[in-house]
Structure formats: structure tokens, C-alpha cells
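**Student:** Only the shape, not the letters, is given here:
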DNA sequence: CTCCCAACGTAAAACGTTTCATTAGGTTGA
DNA sequence: TCAACCTAATGAAACGTTTTACGTTGGGAG
């Protein structure tokens, strides 16, 4: 029973037809009489035959899977995005292989290597390092790529993103409107483009009000834990030295900062200090103090990215299209006046 | 430039060696003189050759990937578990293909089909439907499986799990100890084994105290949204009719219930009603009211499952081993006396 | 009764690796 | 000097599909 699984050859023999006919039954049922089709299907069932995808792929030249590389699966924003991508892919008969770069260039490169070895139909990526030349090489070999949650710097790779600068402005305008003047931007590494852009939007707003000051506080990753660490640093300062608002680069950090403030008890949110996050993950509204956040349509981004990718892979659409969604500010208690 | 990517044949020709030698350079470098190795590697680099995994797999009979099917990627517990699995897999040169059954039998079956077509090295699964016979069939075909976060009912499939009955008891004992007597169990579909077991633990405790009553409230899924819906139902009851504690089947539901209570404002946590969750996800301690929860070692479970799977796949270890971790109660404000 | 056309099947070639049996050439020991 | 041995490299078979060009029917039209 541990013998190798049944192949088309076995099926063909047993059904008394040729291998080609078995293949036809499976792939172009119209080319085959319904009598033989029935017989073959019966044998397939009897033998429990399952098509060997490696062989199919080898022959076809590329697989029915799409690679998706995200910065951090732990972040619900990316889970949501992945689910959107998966739904879109499944509808077209593809599946999604999910990779977690964890904000590390080696891991990102590792996944790109893997996906190239596997001859994926295409790659969706939220880039961490500088991957555009690598992506161009992939395209030359017939593996198109679409940037996700980030635009192309050169413009010749397609992308689906949200206008992060606008999102940063939304947050900034809101904080200024509720009377805050000393705003701390709590972000991860500034080499992440999204982080840069959100900061930029905030700074644009600050420049229009000469009494508004922006302080930049960076951490090593965009996680709850890191947010907590930075929040503790902030809370440890003397009262005169503290900002009156925090704009965090994403909700995880915002939640971490919030946890620090609440735990230490020295600063009250939103009276002493307001907090605005980014992504509007499900947990934001259920945080200690429900969190104001800039919402991105995560699932839709994933879905759209898959559609664009498949248009390039299957229908030969040229790359370089940029789709940009507009973010939306959701105001909750953490920044009420 | 859009031509098909370089193959070993191309490399061999250009380097003036045979195909077999190229293969040896890649797979058993010790079998080849360092001079030829150098030359071949140079050509590989020059041509940008990347091994075609489909061909390799076809020849090898099975792939270097492990399939992982979870109930819900949106649940941080499973993200964490997936990361643990991924880390473990990478260390042994494998990669993880992540599937999301979303608590739907069709999707679960779809992934099993896919993984069988792809001749995965093995499958890790948090089962939703009844899959044990299916898993046995997979094993017969050389694809071992390990149950994750759940034990085998028949005992002939390996598993890595947490003692959910004990976890339920922990929660129950704690709630009784802080004086609660009317406990509502808020769970998803009862056909999910983990949910059953956690409830069972609670009931065991209730039986030891004849003044303790358990009420069972079930929803359609284990999500924040569903938790919120059930929480609203609870809050809408007359004051005499309400429980004085909620034990939720996981943290997502607990957070949803909590959100409902806080939003409606009719019940104060923990004074009017205490809440205990399950999983201790990162967001639990940062919830509106920091959440008491039963902690499971998510990442370790994933890692251990991979190790067990590879032991069966590569080293021929017999299936049927059951590893059970012990959960731990983390008490926070949501159930302070 | 012949001829041709559909409809259905078939056989064989390809896809790109890995592996195994084999050969070529060189070194060693007696 | 020759046999025995070792190392490096080779060539061909095999993995399981898909696909293409090619047979073989049977039946209807002329």
C-alpha cells in the first residue's frame, strides 16, 4: 500500500485506453466520447489517481501559484490583505504561497529565489529592501511582479497602494485640528517606504502651522513590543518634555504605545496625549482606549493586486500601471478633543 | 529577452561539460574537481541559471514543501503558530505553504487536494471537518500528516496539542475562585474540538460546585465580530438574567464580547461581569480591559509539529505520537476580584 | 459501392532534472 | 611492466504529464 501513487499510465492501462485519452478526459472533456469519459473517470476514482502537479508544471512551464511576500504576517493588516489575495486567486484557479520577510532582506531574497525556482506564475511583494532590479530580472524570465502597499520608484513595475502621504496628512490635520502642537511620530525603520511617506504627510501639515513641532522617534520594527518600548521611553520623560500627541506608523505600534501609557499611568489618553494609528485593524477599536486610525482597504488591495498580476501574466497586459487607493480617517476615543 | 530561462543543458554546453556534471556541481560538490566546479559556477552566474524545481521534484517524487492548514489566519494565534512552523521548516531546508480553511470543510478539502497534487512532503493541519480517514489515505501515498492544536480521535495520527480540557478547567477554577457562579461559555461552532474541550473543562469544574451554573452560547465562527454580536445579545438581557462571568472559546471572541459590553455601557468589566479568553494573543493585554487568558505556546506548537512531521517523512518514524503541552492562566484586569 | 469527413483515439516527443552504470585517464604497488 | 584501483566525468534512462501529428473507425452523400 505504500507503493507509489497511481499514474495516468496505470489509469490508462486499466481503463483500456491510451494515456493521451486519460489526459483529454481530464483537460478537454469535449474531445472525448461520454462513454469513455465515464469509464476513465470510474477507474480514476477506483485507483484514487491524483494528478502529479510537478509533471504538469514541468510540461506547462509555469505553475498555478502566485507568491506573496509580506513584511509581517503577524500584522492583521497583512493577514487581511493575504486573504483578499487568496480569494481573488482562487476565483481564477490559482493559489497563493505566502512568505513572511519579517522586515529582513535575506529572508525577502530567499523567498524571491524560492519563487523563481518554483516558476511561480507571478509575485506580489511588499518590498523591504531594494528589489526593483531583481523584479525586472524576474519579469525578463516570465515572472511578473506587482508591488503591494507601495508604489514603484522607477514606475516600470505595477503597483497597488494607498496614498500614504495623504494618510499622514489626514492624521496630521486631525491632530492639529484638535489642538495638538507637539506631535511625536513613532515609526519603525525609516527605510520602509510606507513609514517615510506617512511621516512626510505629517510634516507637510506641520509646515503649514509654524507652531506645530514634529519629533521623530524610530524603532527597529513595527511591532506591538517595539511600540511598547518606545512608549515607555516617552512616558519616562519629564512632563514639560513630552509631546501632546503621537502618530504611530501602524496600529501595532500605536497599541504598544498605548499599552505603555496605560500601564505606567503617568499619561492619560487622550487628555494628556492623543494617539493616532494606521491600518485600522480589527483590534484598534477594541484597544484600551479605542484607537483613532487611518484605514486602508486591506482585502481590496490584495484582491486588486492579484487581478493586475494575472492580467500581466495571462493576458499580456504591459506592466507599469499604478493603482492608488485613498485612505480614510476613523476617529475614536484616543484622539477625542 | 523573454526567451525561456537557461536550463542545465545550456549551462553544460557553455561550460563544455555534461549535464550530469552540472547537476553534481549543484548537489554533490565533493564529487567534482574544484576546477570544473569553478568553471560551471561561473557559467551559472553568467547565464543566471535557476534550477527548475518542478523537474527536480518530478524526479525526486516529492517536494521540499510542507502544507499547513489552519482554521483562520486572521487569528494571531495561528499566525504565530505559522511563524513557528516556518522557522522550524527553514532550518531543515523546507518551506511552508500556508492554507486558510476559514472553518469551512470545502476549503479544507480543497487544500488537501492541492497538497496531494503537489506531492507535499507532509501536511500539518488544524482540522475542522472529519479528516482522519482522508489523512490516512494521504499517508498511504507517502504524505504524512500531523494534527496541530488538536489530538487524534483514533490515535493513529501524530499530533501536537495543548490540553484544552485542562485549559477550560483553569479558566473555570479561576472564575469560581473569584466568586462567580453564573458562567456563560461563549463559543463558536461546537463541532470544533478545541471548543468542545474547553467547554468540557469548564463543566467539570462546575460539577464540583453545585451552586455554579454554566450556560452555553454558540456562534457561527470564532471571530471578533461574532463575539461582538453575542456580547450585544448578552447585554440586551434584563439585569437579573445576566451571567456574572464569560469564558470565551478564544481571545478574538473575548475581545468582541468585551467591545460590546464597553460600547453599550450597561455592564462593567470585571465588576458586573468577568471575562476570560483563550490563546493569550498579543492584543489580549492591550484590550479595553486587559484580558485574562489561557496561554498556549503557539510558536512552539508550530515548531514541534514540523519536527515531528519531518521525523516521519525523512527518518521513517512511526506515526501516532501525541505531544501535549500544558496551558497556563494569565490573570489580568478583566477578571480581577 | 466508393469516397470523404467527423469523431475519436493513439503513439511519441517534449519538459529539465537526478541518478546510475559506464568509461577514460591517471596513480599506485608489486 | 602490468594489474588493480581510484577519481572525474559522461551518457542515457527515468520521473508523469501535455500536446501534436497521425491513425482508425463508422456513416452519410454521391
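**Tutor:** Right, received. Where do you want to start? All of these numbers come straight from a predicted model, not from anything done at the bench.

**Student:** shaky segments in the stretch 1-150 of chain A?
**Tutor:** A:1-3 (pLDDT under 70).

**Student:** residues in it within reach of DNA strand D, list them.
**Tutor:** Residues of the stretch 1-150 of chain A lying close to DNA strand D (CB under 7 Å from any atom of the strand) are A:4, A:7-9, A:19-20, A:22-24, A:26-27, A:49, A:51-52, A:55-56, A:58-60. To be clear about C-beta, it is placed using only N, CA and C from the backbone, and glycine gets the same treatment.

**Student:** How about the residues of the stretch 201-337 of chain A by chain B?
**Tutor:** A:224-225, A:255-256, A:258-259, A:282-283, A:285-290 (CB under 8 Å from any CB of the partner chain).

**Student:** and the residues you listed, which are buried?
**Tutor:** Neighbour counting over these (16 or more other CB atoms under 10 Å in any protein chain shown) leaves A:224, A:255-256, A:258-259, A:282-283, A:285-290 as the buried ones.

**Student:** got a list of what residue A:280 touches?
**Tutor:** Residue A:280 makes contacts with A:251, A:293-296, A:330, as judged by CB atoms under 8 Å, 6 or more residues apart in numbering or on different chains.

**Student:** repeat that for 6 Å
**Tutor:** A:293, A:295, A:330 (CB atoms under 6 Å, 6 or more residues apart in numbering or on different chains).

**Student:** Now rank those residues by neighbours and give me the top one.
**Tutor:** residue A:293 (30 neighbours; other CB atoms under 10 Å in any protein chain shown).

**Student:** hang on, that one in a helix?
**Tutor:** No - with DSSP: H, G, I helix; E, B strand; the rest coil as the criterion, residue A:293 is strand rather than part of a helix.

**Student:** And it, how close does it get to DNA strand D?
**Tutor:** Residue A:293 sits 47 Å away from DNA strand D, going by CB to the nearest atom of the strand, to the nearest Å.

**Student:** near DNA strand C, which residues of chain A?
**Tutor:** Counting by CB under 7 Å from any atom of the strand, chain A sits next to DNA strand C at A:16-21, A:24, A:31-33, A:35-36, A:55, A:58-59, A:61.

**Student:** List of residues touching stretch A:171-183?
**Tutor:** Contacts of stretch A:171-183 (CB under 6 Å, 6+ apart): A:202, A:205, A:209, A:211-214, A:243-245, A:247, A:274, A:276, A:294, A:329, A:337.

**Student:** again, only using 8 Å
**Tutor:** Residues contacting stretch A:171-183 (CB under 8 Å, 6+ apart): A:198, A:201-206, A:209, A:211-215, A:242-247, A:274, A:276, A:278, A:292, A:294, A:329, A:331, A:335-337.

**Student:** In helices only, show me the residues of the stretch 1-150 of chain A next to DNA strand D.
**Tutor:** A:8-9, A:19-20, A:22-24, A:26-27, A:55-56, A:58-60 (DSSP state H).

**Student:** how close does residue A:115 sit to residue A:97?
**Tutor:** Distance, residue A:115 to residue A:97, by CB to CB, to the nearest Å: 7 Å.

**Student:** scratch that, residue A:283
**Tutor:** 27 Å.

**Student:** Show me the shaky parts of the stretch 201-337 of chain A.
**Tutor:** For the stretch 201-337 of chain A, no range has pLDDT under 70.

**Student:** what are the ranges of the strands in it?
**Tutor:** A:213-218, A:245-248, A:274-279, A:292-295, A:322-325, A:328-330 (DSSP state E, counting those that start in this stretch).
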